[in-house]
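Trainee: Next one to model:
(chains A and B)
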Amino acid sequence: MSRPVLAGPGRRGLHPGAWWLWAACMAGAASRTTNPILLVLIGAVVLYVAAARRTDAPWSRSIVVFLRLGLVVILIRVVLVIVFGNRLPGHTLFTLPQVPLPSWAAGVSIGGPVTAEAVLAAVVQGLRLAVVLVCFGAANSLASPYRLLRCLPAVLYEAGVAITVSLSFAPELVMAITDVRAARRLRGRPTRGLAGLRGTAVPVLERALDRSLQLASSMDARGYGRRVPVARGARRTATAATACGLLLVVAGVYGVLVAGSLPGGGIPFVAVGAVLVGAGLAVGGRRTNRTRYRPDPWLLPEWLVSGSGIVALGTLVVAGVLGVPGLQYVLSPLRLPTLPVVAAVGILVGLVPAWAAPVERTSSARGGPTSRPVAGTAPDTGAGPAPDDAVSTVGLPRGNGA
Amino acid sequence: MIRFNDVTFTYDGADRPTLDRVDLVVGEGELCVAVGPTGSGKTTLLRAVNGLVPHFTGGRLSGDVLVDGRSTRDFPPRELADVVGMVGQNPAASFVTDVVEDELAYTMENLGLDPAVMRRRVEDALDLLGLHDLRYRPLATLSGGQQQRVAIGAVLTASPRVLVLDEPTSALDPAAAEEVLASLTRLVHDLGLTVLLAEHRLERVLPFADTVVLVPGRGEPLSVGSAADIMVDSPVAPPLVELGRLAGWHPLPLSVRDARRLVAPLRERLAGSEPPKAEPRAGGPAVARLDRVTVRFGDLVALDACELEVRAGEVVAVMGRNGSGKSTLLGQLAGVRAPNSGRVDVAGADPTALAPRDLVARVGLVPQDAGLLLYGDSVAAECVGADRDTGLVPGATAAVLDRILPGLPTDRHPRDLSEGQRLALALAVVLAPAPPLLLLDEPTRGLDYPGKARLVTLLEELAAAGHAVVMATHDVELVARVATRAVVLAEGEVVADGPARDVVCHSPVFAPQVAKVLAPDPWLTVDEVRDALEVEAVRG
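Mentor: Below is the predicted model:
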């Protein structure tokens, strides 16, 4: 086996796994606090990094879409609290006329006094969810879904179609929004406002799912998930180790997200689970003999990016375990949140990727259009010369590796 | 190499099988062309070869499909990837990576080839398909024709023994199509590659075919034979064969070269007739105007200070090699994107500033991927929706659809239609409200010859009623039949603009088959020759 070819000139982007790890850590950090200042800080850090390092690839719009979705989530939470109540006692802002409900609907109320505490609690909860969504959007817009799929370890092929669809759905959705909007305009249908939203939603979902399934079938036809015969024992060990490891990781992540639910904040679970998954993947990896044309290397920038995320998450977890004041926002008595300096500094470490990550050049120096071909916006343009003179006269040789 | 044993395949919910008791053998080293009307099941036949049908489509398959002795029953598509290379009808939808080079290497990676081998084969494929300048380009930024070439390269690198191609040349300009087919023929001759391809532009592929499979559709049996035999009574035939039938040549010519050897008597019969002359330009008022329009994508110039005026009653064909800016030009007229500089004027307004409802009253665009326009959940719903959008009388769109492609099942979901049927539906949706300016991007992809003829009639009627039509196309036969004016783009600039008859006759690349055979006399279509012969017969 000869040495692999390294990435071509001017096109090295960060390993997609590093982006996902960083984004997952930032989301984890957000789930450990209810302090609105810290939450806004996390959101700002993630948005800044995404703005600094996103490319002009079609999926890079994901962050915008998820940011909007996040704002909608906050809005919905607040409206629900105002209408249906979470009748926290405290400072009454205003009182809605109460709708009398029959006795069997006890516990549910419509209208009534709306307190500042209730509204604030809703805002903070919504904000936390919004920040997690923004982290997810950032990962989707920074990491190429296709490169991520190529990095998937071999043992997961079992669930090939499911994984392809789940990983590519969000970016496909974002791309479909642009397509469907353009197409609706050509059909003379509204693209904005409520009518536009209603007419767009279903075709966008349909198209994104279609595309994801199509991707799965194309990958299959191109040999994704081929196997070489392996001893049955090894296969079972690999599957069992991976499955147990994943379960432990899931349990551990729950522990990390919900403070105090598991000993050690869930970290030991994640660690043991990760080791098991790693072992399972290593054994299972022998089942496919895949090679890489230009492997995505894991070098210093990858370590820095993923490390910065881990530091941010770690700071908040440790602060939570040590009981640093100010991490949770206390609503009564009502007052401004304080800023736990240590936690804030930890979160700011998450800014490192804005400088540490290499700038990916999707449009190379030879020139590359910036948008995706949509309903006639197709950049029907070629930097290349005419095909007429460019085709050589030799057939493809049969390589000795075949 | 490929063997269908009594194969019957029915899609879920379909009331009759798409493939009915198909027996077919394609031998090793054979280049076999599947021909047939739109929606007759060619794509299904092709996709059954590597097991995508039924593994990814559902439905019931009985009988057995064997490739290199392996049955698709026992081997899913991924286990056949080393034997079968499959290029689908819509290459953009089949991409699995984001950069040209990675796409070319993808199958080889899955097959576990040595990186040194991969490296060499990628270089070979880049050369073979003229892609070396695009190697680091993101796939999403390529033009339709460039994507097609990448898709073909991506399966060739794995050096499969069987190649299955669904309409591989429809998106290519005539010169590129010729080159791709010549490369394929070379692989067939030198390496014993087996090729099964479906194509509607028979004028391009027939000279290269060893055998032809006629897929008549509607459950009728397949017929297999040499191209000349099948073409005698095939319902779909290229202009050359039509000319041969008209002149009574035997055997039927399949290439221009064959025909030129037989042409002497026909030339004598036509000696007394004058070929039609280029008509003067239609004198209607200007419908749309591009005024020094420049469009850039990043640092790439798609349109470079482009000037164009379209008049009412004109049918303008925009031609040019892959990636010369044709689709961008149509997009500009439809207001899909604002130009970087210059002015676009459509019926006195800037199309990007128009509300959707006003836009659709002025301009209709059928994009290259026609499916984009469709999001009803059945053909009928789509037609009703289109009537409502544009305030037409109920049934108007359905009537237009029936003229382009009669007998399309109305309960079918647009997604389940064939490429050509989908195009016909999109055409109907856009043509029905008859906007003053019609923009068609590759309007014949997947459409059979009768369908094309009906489209031509429809476009001629619209033009006669004062509508302007601008179509970007590589289909020179379509241009010969319907266009009154031809514009040739290169690198975003207009390099030729004149009567279609003059432009296509003066270019060896764009000349239709009839013109090539009868050169130097400028006859363009079989119909013109037929009319002239009839006049002669009356006179004689």
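Trainee: Alpha carbons of the helix or strand containing residue B:196, as CSV, please.
Mentor: Taking DSSP states H and E as the definition, residue B:196 sits inside strand B:194-198. Only the C-alpha atoms of strand B:194-198 are listed here, as CSV (Å, rounded to 0.1, in the frame of the first residue of the first chain):
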residue,chain,number,x,y,z
THR,B,194,-20.5,-3.8,-22.0
VAL,B,195,-22.7,-0.8,-22.4
LEU,B,196,-26.5,-0.5,-22.1
LEU,B,197,-27.8,3.0,-22.6
ALA,B,198,-31.1,4.6,-23.1
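Trainee: partner strands of it, parallel or antiparallel?
Mentor: strand B:31-35 (parallel), strand B:162-166 (parallel) (DSSP bridges).
Trainee: any residues touching the helix or strand where residue B:478 lies, and which ones?
Mentor: According to DSSP H and E, residue B:478 maps onto helix B:476-482. Applying CB atoms under 8 Å, 6 or more residues apart in numbering or on different chains, the contact partners of helix B:476-482 are B:174, B:201, B:203, B:238-239, B:315, B:317, B:319, B:443-444, B:452, B:456, B:459-460, B:471, B:473, B:486, B:500, B:504, B:510-515, B:524-525, B:527. Every C-beta, even on glycine, is put in place using the N, C-alpha and C of the backbone.
Trainee: just checking, which of these belong to helices?
Mentor: B:174, B:203, B:239, B:452, B:456, B:459-460, B:500, B:504, B:513-515, B:527 (DSSP state H).
Trainee: Just give me the closest of those to chain A.
Mentor: Of all those, residue B:174 has the smallest distance to chain A: 9.9 Å, by CB to the nearest CB.
Trainee: The closest one and residue B:195, how far apart?
Mentor: 20 Å (CB to CB, to the nearest Å).
Trainee: Kindly report the same for residue A:350.
Mentor: 54 Å.
Trainee: Repeat that for residue B:135.
Mentor: Distance from residue B:135 to residue B:195, by CB to CB: 25 Å.
Trainee: cool, and residue A:67?
Mentor: 49 Å.
Trainee: what do you get for residue B:26?
Mentor: Residue B:26 is 9 Å from residue B:195, where distance means CB to CB.
Trainee: same thing with residue A:70?
Mentor: Counting by CB to CB, the gap from residue A:70 to residue B:195 is 52 Å.
Trainee: Report the secondary structure state of the nearest residue to residue B:206 once chain neighbours are set aside.
Mentor: The shortest distance from residue B:206 to any non-neighbouring residue, by CB to CB, 6 or more residues apart in numbering or on different chains, is to residue B:254 (4.7 Å). Here residue B:254 is recorded as coil under DSSP: H, G, I helix; E, B strand; the rest coil.
Trainee: correct me, but residue B:254 touches residue B:226?
Mentor: No. Counting by CB atoms under 8 Å, residue B:226 is not a contact partner of residue B:254; they are 9.3 Å apart.
Trainee: So between those two, which is more surrounded?
Mentor: residue B:254 (24 against 13; other CB atoms under 10 Å in any protein chain shown).
Trainee: Against residue B:202, how distant is the more buried one?
Mentor: Counting by CB to CB, the gap from residue B:254 to residue B:202 is 9 Å.
Trainee: just the strands in the stretch 351-500 of chain B please.
Mentor: B:363-366, B:437-441, B:468-472, B:485-490, B:493-499 (DSSP state E, counting those that start in this stretch).
Trainee: Look at the residue lying closest to residue B:242 once chain neighbours are set aside and report its pLDDT.
Mentor: Of all residues not flanking residue B:242 in the chain, residue B:526 sits nearest, at 4.4 Å (CB to CB, 6+ apart). If you check residue B:526, the pLDDT there is 93.
Trainee: Overlap of the contact sets of residue B:254 and residue B:202?
Mentor: With CB under 8 Å, 6+ apart as the test, residue B:254 and residue B:202 both reach residue B:241.
Trainee: rewinding a little: export the strands paired with strand B:194-198 to a markdown table and tack on mean neighbour count and mean pLDDT?
Mentor: Output for the strands paired with strand B:194-198, formatted as a markdown table (neighbours: other CB atoms under 10 Å in any protein chain shown; pLDDT from 0 to 100):
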| stretch | mean neighbour count | mean pLDDT |
| --- | --- | --- |
| strand B:31-35 | 24 | 95 |
| strand B:162-166 | 25 | 94 |
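Trainee: show me where chain A has helices.
Mentor: A:16-31, A:36-53, A:62-84, A:116-142, A:145-151, A:160-186, A:193-221, A:232-257, A:267-284, A:300-322, A:341-349, A:353-356, A:387-390.
Trainee: of the ones in helices among the contacts of helix B:476-482, buried ones?
Mentor: In these, burial by neighbour count holds for B:174, B:203, B:239, B:452, B:456, B:459, B:500, B:504, B:513, B:514, B:515, B:527, counting by 16 or more other CB atoms under 10 Å in any protein chain shown.
Trainee: Next one: the nearest residue to residue B:455 once chain neighbours are set aside from chain A, what distance?
Mentor: Spatially, and ignoring its direct neighbours in sequence, residue B:455 is nearest to residue B:404 (5.8 Å; CB to CB, 6+ apart). In this view, residue B:404 and chain A are 18 Å apart by CB to the nearest CB, to the nearest Å.
Trainee: so who does residue 340 touch?
Mentor: The chain I'm using is chain A. A:35, A:38, A:319, A:324, A:325, A:326, A:327.
Trainee: oops, chain B please
Mentor: Applying CB under 8 Å, 6+ apart, we find residue B:340 in contact with B:294, B:295, B:296.
Trainee: Can you give me the pLDDT of it?
Mentor: Here the pLDDT value assigned to residue B:340 is 93.
Trainee: if we can go back for a sec, format the helices of chain A as JSON lines; extra columns: distance to chain B, mean neighbour count and mean pLDDT.
Mentor: Shown next, in JSON lines, are the helices of chain A (distance: least, CB to the nearest CB, whole Å; neighbours: other CB atoms under 10 Å in any protein chain shown; pLDDT from 0 to 100):
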{"stretch": "helix A:16-31", "distance to chain B": "11", "mean neighbour count": "24", "mean pLDDT": "93"}
{"stretch": "helix A:36-53", "distance to chain B": "16", "mean neighbour count": "21", "mean pLDDT": "95"}
{"stretch": "helix A:62-84", "distance to chain B": "14", "mean neighbour count": "17", "mean pLDDT": "92"}
{"stretch": "helix A:116-142", "distance to chain B": "13", "mean neighbour count": "23", "mean pLDDT": "93"}
{"stretch": "helix A:145-151", "distance to chain B": "4", "mean neighbour count": "21", "mean pLDDT": "83"}
{"stretch": "helix A:160-186", "distance to chain B": "5", "mean neighbour count": "21", "mean pLDDT": "83"}
{"stretch": "helix A:193-221", "distance to chain B": "4", "mean neighbour count": "18", "mean pLDDT": "84"}
{"stretch": "helix A:232-257", "distance to chain B": "17", "mean neighbour count": "16", "mean pLDDT": "81"}
{"stretch": "helix A:267-284", "distance to chain B": "15", "mean neighbour count": "18", "mean pLDDT": "81"}
{"stretch": "helix A:300-322", "distance to chain B": "19", "mean neighbour count": "20", "mean pLDDT": "93"}
{"stretch": "helix A:341-349", "distance to chain B": "30", "mean neighbour count": "18", "mean pLDDT": "94"}
{"stretch": "helix A:353-356", "distance to chain B": "20", "mean neighbour count": "18", "mean pLDDT": "92"}
{"stretch": "helix A:387-390", "distance to chain B": "3", "mean neighbour count": "17", "mean pLDDT": "33"}
